[in-house]
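Colleague: Requesting a structural model of the entry that follows:
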Amino acid sequence: MNRYIVNRLIQPSHNPSLITKWSTPVLGFGDYYRASVSTVGLNPSFREFNNHNGLLLSPKNRLETLKTLNIQNISHALPYQLQLIECACLQYFNKNPCKSWFNKFNPILNVLSASYYNGEACHLDLVQSTTYEFIKGAISLACTESSAPRSFCVMGWSINIQSSHGVTTQLIQDIAAKCV
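Modeller: Numbers count the residues shown, from 1 in each chain. Okay, the predicted model is just below:
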C-alpha cells in the first residue's frame, strides 16, 4: 500500500467531534488508480455510513467502518485493515453506491464517455472525513487540518477553491444543461 495513503488514513483529526461516529476516512469513490476522469466534492456524506436507522451494516454497508474492522480508532488499524478501507473505496461502485448522489454526474460523464460504473471515472473529496454538518463541519475540518486556508491536498493533488457552498449543485446543473 502506498505510504502516502497509509499516512492519510491514520492521520489524526484536530476536530474528532465533527467526524461521523464509526466512519473511516474515504480516500475516494471508485478506482482512482485506473480512472481517467474525476469529479470533485467537498467531503463524503455521513449517509455513506448511516441511514435513518443508524450505522449501515452488511450487506447494505458501502464502506468499511471502525465496527466492521473491529477497532475503536483508526490509529489502531493494522496494515490489512487499512487495505480493507482502500479496497472498499476502490470497489465502491460495485457494491452499494449512493446512486441518488452519483447519478447526478452522469450527464457530465456521458459527454466525456466515462462512467463510475465501468471504472473510467472516480469521485474525490477535498476532505476525506465524513461530518454530520455538511458545510460547517467539512469547512471546519478543512481549515484546521490543512496547512494553508483554501488549499487542500487530495490524493497528492493541490486544489484551490474560493467557495463551495452551493457551487457543486449549480455547477452540475449548468454543465448538464449545456451537455444535453
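Colleague: any weak-confidence spans in the chain?
Modeller: Flagging of the chain using pLDDT under 70 yields the residue ranges 132-180.
Colleague: Which residue ranges of it form helices?
Modeller: 3-10, 66-69, 79-90, 99-102, 106-111, 134-145, 167-179 (DSSP state H).
Colleague: Next, the buried residues of the fifth one.
Modeller: For helix 106-111, a neighbour-count test (16 or more other CB atoms under 10 Å) marks Asn106, Pro107, Ile108, Leu109 as buried. All C-beta spots, glycine's among them, are computed from the backbone N, C-alpha and C.
Colleague: Skipping its backbone neighbours, what lies nearest the first one in space?
Modeller: The one in question is Asn106. Nearest in space to Asn106, with sequence neighbours left out and distances taken as CB to CB, 6 or more residues apart in numbering, is Ser115 at 7.7 Å.
Colleague: what sits against the one you found?
Modeller: Neighbouring residues of Ser115 by CB atoms under 8 Å, 6 or more residues apart in numbering: Asn106, Leu109, Ala121.
Colleague: Identify, from the residues you listed, the entry nearest to Val37.
Modeller: Ranked by distance to Val37 (CB to CB), the contacts of Ser115 are led by Ala121 at 4.4 Å.
Colleague: what's around Met1, how many residues?
Modeller: 13 (other CB atoms under 10 Å).
Colleague: So it sits against Gln83, correct?
Modeller: Yes. Using CB atoms under 8 Å, Met1 makes contact with Gln83 at a distance of 5.7 Å.
Colleague: want to throw the buried residues of helix 106-111 into a markdown table with distance to Tyr92?
Modeller: What follows is those, written out as a markdown table (distance: CB to CB, whole Å):
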| residue | distance to Tyr92 |
| --- | --- |
| Asn106 | 16 |
| Pro107 | 20 |
| Ile108 | 18 |
| Leu109 | 15 |
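Colleague: Ala35: which of those is nearest?
Modeller: Proximity of those to Ala35 (CB to CB) peaks at Leu109, which lies at 10.5 Å.
Colleague: Any figure for the gap between the closest one and Asn2?
Modeller: 26 Å (CB to CB, to the nearest Å).
Colleague: now do Thr24
Modeller: Separation of Thr24 from Asn2 (CB to CB) stands at 17 Å.
Colleague: and Ser38, how many neighbours?
Modeller: Neighbour count for Ser38, taken as other CB under 10 Å: 17.
Colleague: wouldn't it be in contact with His123 here?
Modeller: Yes. Counting by CB under 8 Å, Ser38 does reach His123; the two are 6.7 Å apart.
Colleague: between the two, what contacts are shared?
Modeller: Common contact partners of Ser38 and His123 (CB under 8 Å, 6+ apart): Gly28.
Colleague: okay but Asp31 is in contact with Asn94, surely?
Modeller: No. Counting by CB under 8 Å, Asp31 stays clear of Asn94, with 9.4 Å between them.
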